[in-house]
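Visitor: Test case, fold it:
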Amino acid sequence: METKEILYIEDNPSDIELTLRALKKHNVANSIQIIKDGEEALEYIFATGRYADRDIEENPKVILLDLKLPKVGGLEILKRLKAEEHTKTIPVVVLTSSREEKDMIESYNYGVNSYVVKPIKFENFSEAVSTLGLYWLLINESL
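Guide: The predicted structure is shown next:
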């Protein structure tokens, strides 16, 4: 199974479509895995269940994570991800509509690398997503 550079965990079809369009516009959508609920995301990250055949050593270069997800919330995913030795260094960008200070504080306490509130206008959203993609895939040095 091919390793995906971006793991995008998001349940809103409109946000998924806009994000993919923004990444494609800036040629950053080459290798993206989209997962729409928290339970499946944990299976992917830890190579269990539906993703038991995935090589657990081949981590994505960056995870884009929504907080409000079905089955298992984004904060729980972040907490578990950063608690494990082989996944704690994966950069995680929370990409959410939540402006709640509590969510931001918890995200940083659990070790998020960046917290981005989704802009409403497509142009702003497109620019934010492409900047994130370019930074985490091309500029940032990862382990």
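Visitor: Tell me which residues are up against the helix or strand hosting Q33.
Guide: Using DSSP states H and E, the element containing Q33 is strand 32-35. For strand 32-35, contacts defined as C-beta atoms under 8 Å, 6 or more residues apart in numbering pick out 4-10, 16, 20, 23, 41, 44, 60. (Each C-beta comes from the backbone N, C-alpha and C, glycine too.)
Visitor: Mark which of those residues are buried, thanks.
Guide: Among the contacts of strand 32-35, the ones that count as buried by 16 or more other C-beta atoms under 10 Å are K4, E5, I6, L7, Y8, I9, E10, I16, L23, A41, Y44, P60.
Visitor: Ramachandran coordinates for the last one?
Guide: When read as degrees, to the nearest 10, the backbone of P60 gives phi -70, psi 160.
Visitor: Please compute how far the host helix or strand of R21 lies from its chain's middle.
Guide: Assigned by DSSP H and E, R21 falls within helix 13-25. Computed by C-alpha atoms, centre = their mean, to the nearest Å, the chain-centroid distance of helix 13-25 equals 13 Å.
Visitor: picking that back up, the strand holding Q33 pairs with which strands, parallel or anti?
Guide: strand 6-9 (parallel) (DSSP bridges).
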